[in-house]
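[1] my questions are about this predicted structure, shown below with the sequence.
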Amino acid sequence: MTPTALLEHLDQGRLWPAPCGLSLDAAYAQALAVRQLRIGRGEQPRGYKVGFTNRSIWPRYNVFAPIWGSVWDSTLTLCDGDSSVSLARTCQPRLEPEVVFGLRATPAANATLDDLFEAIDWVAPGFEVVQSHLPNWKFEPADTVADGGLHARLLVGSRVPLRELAPNAEALDSLLANARVSLIRDGQEIEEGRGSNVLDSPLRALLHFVQTLRACPGAPDLQAGDVITTGTWTDAWPVAVGEHWSARFTSPLPGLSVRFSG
């Protein structure tokens, strides 16, 4: 499909007629072309999502490496821990509890974990609503890239200044790797996950993404103010209008809750 056709399916929430049939490199080129179309019509990129960092779910989705896509002003919601999010024009939406980073600076060239620590402004809990435009979530890795990284919505909860969490990269890496989350739907616990599920820690998932982004031809570099969500700690769970979901992270990360509207 052309970038224009891909964008039409994103706008309308319709299934694709067939897989994209692209190589992974070509799929990223298509995704970047869609990004330019969205910018051209007035949308503003606000950062990035990193997907498939949770190795425990790779066999379930037949994807065995992380992917990434853009986050937009039209898909991003900031809240203080409780919000409502619309599922309108999403396609087979699912929910993922994640950790989100906000940047205060562009990470250094050949960045290390220490360099990333210096570039981060805040850390927050997040819910990403992901979607698939192929039936029953059956796809090839290139399809997920061409499909905007499967990104539909991003809800970012209370943002904690970095230095309130940890004094250095080593401490932050360990803190997030050992943290846990309980994912709850309408008062019932659905699954428990841990930070180490995402490439051993969210900070390491961020490092992998920075390296991957900079290796992609034509991809823009990270900037101060960018928001990056680093991948689900649990499986991605189907969601529906009217449901109330919450994520209870172990201290010191705050909790997050959302009710879905039409």
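    That came through fine. Residues are numbered from 1 along each chain as shown.
[2] quick one, helices of the stretch 1-150 of the chain?
    3-12, 24-40, 58-61, 113-119, 141-146 (DSSP state H, counting those that start in this stretch).
[3] what packs against the following helix or strand past the last one?
    Using DSSP states H and E, the helix or strand that follows helix 141-146 towards the C-terminus is strand 151-156. Contacts of strand 151-156 with other secondary structure elements, assessed using 3 or more Cβ pairs under 8 Å, 6 or more residues apart in numbering; DSSP states H and E, are made with strand 45-51, strand 67-72, strand 76-78, strand 82-86, strand 120-130, strand 227-229. Bear in mind the C-beta positions are built from the backbone N, C-alpha and C, glycine included.
[4] and the ones you listed, which is most packed in?
    Highest mean neighbour count among the helices and strands packed on strand 151-156 (mean count of other Cβ atoms under 10 Å): strand 227-229, with a mean of 26.
[5] which is the next helix or strand following that strand?
    Downstream of strand 227-229 (by DSSP H and E), the next one is strand 237-238.
[6] I'd like the next helix or strand past that next one.
    Following strand 237-238 in sequence, per DSSP H and E, is strand 244-249.
[7] now do the buried residues in that next one.
    By 16 or more other Cβ atoms under 10 Å, the buried positions in strand 244-249 come out as 245-249.
[8] which other helices and strands contact the following helix or strand past that strand?
    Downstream of strand 244-249, the next assigned helix or strand under DSSP H and E is strand 256-261. Packed against strand 256-261, as judged by 3+ Cβ pairs under 8 Å, 6+ apart, are the following elements: strand 82-86, strand 120-130, strand 244-249.
[9] tell me the mean pLDDT for the last one?
    Mean per-residue pLDDT for strand 244-249: 98.
[10] now swap in the second one and tell me
    Across strand 120-130, the average pLDDT comes to 98.
[11] test my guess that Gly195 contacts Ala205.
    No: applying Cβ atoms under 8 Å, one finds Gly195 not in contact with Ala205, separated by 9.3 Å.
[12] returning to what we had before: got the helices and strands packed on strand 151-156 as a markdown table, with distance to Asp186 columns?
    Formatted as a markdown table, the helices and strands packed on strand 151-156 follow (distance: least, Cβ to Cβ, whole Å):
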| stretch | distance to Asp186 |
| --- | --- |
| strand 45-51 | 26 |
| strand 67-72 | 27 |
| strand 76-78 | 21 |
| strand 82-86 | 15 |
| strand 120-130 | 15 |
| strand 227-229 | 24 |
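[13] tell me which of those lies nearest to Val241.
    When the helices and strands packed on strand 151-156 are compared by Cβ to Cβ, strand 82-86 sits nearest Val241, at 8.7 Å.
[14] which one of the helices of the stretch 1-150 of the chain lies closest to Gly102?
    Ranking the helices of the stretch 1-150 of the chain by their distance to Gly102 (criterion: Cβ to Cβ) puts helix 113-119 first, at 10.1 Å.
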